[in-house]
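# Provided below for reference: sequence and predicted model.
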Protein chains: 2
Amino acid sequence: MKQVRRREVIRTGTTVEQMVRAIADMIVTGALLPGEKLDEISLASRFEVSRTPVREALRELGAMGLVGREPNRSAVVTNVTETHLHSMFEAMAELEGICARLSAERMTVDERRALELDHRGSMRLVHAGAEEDYAAHNTEFHTRLYRGAHNDHVFEMVTQTRARLAPFRRAQFRLPGRLAKSYEEHDRIVAAIMRADAAAAGQAAYSHVEIVSDASAVFATAGE
Amino acid sequence: MKQVRRREVIRTGTTVEQMVRAIADMIVTGALLPGEKLDEISLASRFEVSRTPVREALRELGAMGLVGREPNRSAVVTNVTETHLHSMFEAMAELEGICARLSAERMTVDERRALELDHRGSMRLVHAGAEEDYAAHNTEFHTRLYRGAHNDHVFEMVTQTRARLAPFRRAQFRLPGRLAKSYEEHDRIVAAIMRADAAAAGQAAYSHVEIVSDASAVFATAGE
DNA sequence: GGCATGCACATTGCATGCACTTTTATTGTA
DNA sequence: TACAATAAAAGTGCATGCAATGTGCATGCC
């Protein structure tokens, strides 16, 4: 096959970029589980490309921390130790705290309004017990905080950390009562941001993540 | 040439790992300047390998943020905008603050002792005006703080951020009086850590970086 | 039966080659 | 001379192939 196929249904960017997105997505959504082996040949045939772009994608995923690589062995979906997992949650709490604190100081009027509106709208989902929808709202909510900090590098770090944690916090909203609790916590964060109380916002965001961390820990170890 | 050479004087790891280290080092030490183009062919012949490992190395450096890449163009040593540079310094200050705060809480007795000893030893370098040696000590000092936090993920983030900032803070200790000021600031951090005053340690470390940031900004823009 | 040894197979690491894209040099035209 | 069109050169993107490293199973020895 001498390079016939070329650009099928696929969307945008080079082959490698597409693969990085696709594989990262599979890891983050749980289609690929921590510990799973990713051999180049299977991936190559699965995506209908040669091993070269696969290798580059895996290298990038390795740098992102989503897969582990060592010489002459297959890449493996990262399976962090419990202490490392804890360190990531702790770091996440710190980062969220920073974002909330900076958001309280720096968000534009529009950003504040959008945050509050979106937050209020989510109450409906809590009452309906719409776990899926609330999870989507939750992602959006936090992304607003990250952007609101108006710091590109912090945004990068927090986004990457979130991606790496995603596989371990999937079932988070299935815990009974978690939805309502999450809403309350969001509420404290939003209130603090609206009154530009940086310290309170940071504190509220920090403990929000701490709590999520506890809830997820159950699943992390149970999943083994 | 059918794969004859193989493993010369070079040290350890796969070809790609060696190249990543080598190129990262050149960027961080300033042998390669921000904005400089890195074409695969030149690098390949320079390191006496084929383009394949070069490409993988560049991809990894791209993920680390040390080089920029876009499809069908050469990799470029990252040249951050002034606002992005500012965001990195700000993030660095936050991270250093976190590390110092956690260090104050978590450092072992040995770590505290080593930190203080090393710090006191550096006074000699200040008096001698030994910029090079003080710079080395400074790196060591900060690394101790990062480790002392006992959080792997924070360590990763702060290490990576420092690497990305390195090209822009090179000449930092050449500014008159900077050595003595740096020592004073370190002193405040160490003192707070020794008395386990987390808040003070965090605060001291935060403003230490802030100040370094101002000093470097001059060079960042002057280098254009 | 348990354990070391060796061989076939699976899989990664890197080199090479061709297609495609971007950049630079060149030529023709107003 | 200025500028557009176009050809040549340079460089990236990916496929393919071979060497080298690892892995699992069979075989033989204790």
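Thanks, I have the structure now. All of these numbers come straight from a predicted model, not from anything done at the bench. Residues are numbered from 1 along each chain as shown, chains lettered A, B, ... in the order given.

# Any buried residues in stretch A:98-107, and which?
Within stretch A:98-107, the residues scored as buried using 16 or more other C-beta atoms under 10 Å in any protein chain shown are A:98-104, A:107. Glycine gets a C-beta too; all of them are placed from N, C-alpha and C.

# ditto for stretch A:58-73
In stretch A:58-73, the ones that count as buried by 16+ other C-beta under 10 Å are A:58-69.

# which other residues reach that stretch?
A:16, A:20, A:23-24, A:27-28, A:38, A:40, A:43, A:75-79, A:160, A:163-164, B:13-14, B:16-17, B:56, B:59-60, B:62-64, B:156 (C-beta atoms under 8 Å, 6 or more residues apart in numbering or on different chains).

# Mind checking if that stretch is in reach of DNA strand D?
Yes - applying C-beta under 7 Å from any atom of the strand, one finds stretch A:58-73 touching DNA strand D at A:71-73.

# Tell me the one among those residues nearest to B:Arg124.
The nearest member of those to B:Arg124, counting by C-beta to C-beta, is A:Pro71 at 42.8 Å.

# Can you classify the closest one by secondary structure?
Reducing the assignment at A:Pro71 to three states with DSSP: H, G, I helix; E, B strand; the rest coil gives coil.

# Could you pull up phi and psi at it?
In this entry, A:Pro71 is assigned phi and psi values of phi -50, psi 140 (degrees, to the nearest 10).

# For the helix or strand hosting A:Met19, C-alpha coordinates in CSV please.
Using DSSP states H and E, A:Met19 falls within helix A:15-29. Output for helix A:15-29, consisting of C-alpha atoms alone and laid out as CSV, is shown next (Å, rounded to 0.1, in the frame of the first residue of the first chain):
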residue,chain,number,x,y,z
THR,A,15,-1.9,12.1,11.8
VAL,A,16,0.1,12.2,15.0
GLU,A,17,-2.0,15.0,16.6
GLN,A,18,-5.1,13.1,15.8
MET,A,19,-3.8,10.0,17.4
VAL,A,20,-2.6,11.8,20.5
ARG,A,21,-6.1,13.3,20.9
ALA,A,22,-7.8,10.0,20.2
ILE,A,23,-5.7,7.9,22.6
ALA,A,24,-5.7,10.6,25.3
ASP,A,25,-9.4,10.6,25.0
MET,A,26,-9.6,6.8,25.3
ILE,A,27,-7.5,7.0,28.5
VAL,A,28,-9.4,9.9,30.0
THR,A,29,-12.8,8.4,29.3
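
# If you count neighbours, what's buried in that helix?
Of the residues in helix A:15-29, those buried by neighbour count under the rule 16+ other C-beta under 10 Å are A:15-20, A:22-24, A:26-28.

# next structured bit after that helix?
strand A:37-38.

# ok, A:Val209 touching A:Ala91?
No - between A:Val209 and A:Ala91 there is no contact under C-beta atoms under 8 Å: 9.5 Å.

# quick one, which of these two is more surrounded?
A side-by-side neighbour count of A:Val209 and A:Ala91, using other C-beta atoms under 10 Å in any protein chain shown, places A:Ala91 first with 27 against 23.

# Could you verify my assumption that the more buried one touches B:Phe155?
No - contact status for A:Ala91 versus B:Phe155: not in contact, 9.3 Å apart, counting by C-beta under 8 Å.

# Check the spacing between whichever residue of chain A sits closest to chain B and B:Gly65 real quick.
Residue nearest to chain B within chain A (C-beta to the nearest C-beta): A:Ala63, separated by 3.4 Å. When distance is defined by C-beta to C-beta, to the nearest Å, A:Ala63 is 10 Å away from B:Gly65.

# where does chain A come near chain B, residue by residue?
A:13-14, A:16-17, A:52, A:55-56, A:59-60, A:62-65, A:71, A:83-84, A:87-88, A:90-91, A:94, A:98, A:151-154, A:156-157, A:161 (C-beta under 8 Å from any C-beta of the partner chain).

# show me which of those neighbour DNA strand C.
Counting by C-beta under 7 Å from any atom of the strand, the members of these that reach DNA strand C are A:52, A:55, A:71.

# tell me which parts of chain A are close to DNA strand C?
Counting by C-beta under 7 Å from any atom of the strand, the residues of chain A near DNA strand C are A:2-3, A:6, A:38-41, A:51-52, A:55, A:69, A:71-75.

# which among these gets closest to A:Glu132?
Of all these, the one sitting nearest A:Glu132 is A:Leu38; the distance, using C-beta to C-beta, is 27.5 Å.

# report the angle between the axes of the helix or strand in which A:Gly97 is found and helix B:82-106?
In the assignment (DSSP H and E), A:Gly97 maps to helix A:82-106. For helix A:82-106 against helix B:82-106, the angle between stretch directions is 130 degrees (axes from the mean of the first three to the mean of the last three C-alpha atoms, to 10 degrees).

# Which secondary structure elements does helix A:82-106 sit against?
Contact analysis of helix A:82-106 by 3 or more C-beta pairs under 8 Å, 6 or more residues apart in numbering or on different chains; DSSP states H and E lists helix A:131-148, helix A:152-165, helix A:178-194, helix A:198-222, helix B:152-165 as its packing neighbours.

# now the fourth one: mean pLDDT?
Looking at helix A:198-222 alone, the average pLDDT works out to 74.

# What of the last one?
Helix B:152-165 shows a mean pLDDT of 95 in the predicted model.

# List the contacts of the nearest residue to A:Ala163 once chain neighbours are set aside.
With sequence-adjacent residues excluded and distances taken as C-beta to C-beta, 6 or more residues apart in numbering or on different chains, A:Ala163 is closest to A:Val28, at 5.9 Å. For A:Val28, the contacting residues are A:66, A:163, A:166-167, taking C-beta under 8 Å, 6+ apart as the criterion.

# between these, which is closest to DNA strand C?
Comparing those against DNA strand C with C-beta to the nearest atom of the strand places A:Leu66 closest, at 15.8 Å.
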